[in-house]
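[1] sequence-free structure coming up:
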């Protein structure tokens, strides 16, 4: 699929053979916010479930799964929320490089494998995409 902004990913339905199972409501990243590990999906039964990114097939129209059993219940979702970081929690944090603050995080651009390739920053109302090399998210090192 190429690269996709996290905001675009969150607009896609999660489907099994064309049947909508739910929609993503948050992106779950590893502890250093370098790679997406999965999605927090709000399913049709109003239950949040964890979908590992590796078990999903992304396209411009949907997030496809091969089985509904790939959507895990609370224990797995809680584990990844505790071990990692969520996009919801990262939005609005200060992004810095060695020279100082660059702006506030608004969005992430993701590669096919879930790696964060660029960040959308807001600096005094002006938004721009920047590469992730040598950046820090809210004081957390991100040496890429």
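    Perfect, I can see it now. Bear in mind the structure is a predicted one, so any value in this text is a computation, not a measurement. Numbers count the residues shown, from 1 in each chain.

[2] tell me which element residue 79 is part of?
    Residue 79 belongs to helix 74-83 when assigned by DSSP states H and E.

[3] in that helix, what's buried?
    Using 16 or more other CB atoms under 10 Å as the test for burial, helix 74-83 gives 77, 80, 81. From N, CA and C alone the C-beta is placed, and that goes for glycine too.

[4] who does the spatially most central residue of the chain form a beta bridge with?
    The centre of the chain sits closest to residue 27, judged by CA atoms, centre = their mean, with a distance of 3.2 Å. Beta-bridge partners for residue 27, by DSSP bridges, are residue 39.

[5] for it, what are its contacts?
    Counting by CB atoms under 8 Å, 6 or more residues apart in numbering, residue 27 touches 6, 9, 10, 36, 39, 40, 86, 87, 108.

[6] how does it look with 7 Å?
    By CB atoms under 7 Å, 6 or more residues apart in numbering, the contact list for residue 27 reads 6, 9, 36, 39, 86, 87.
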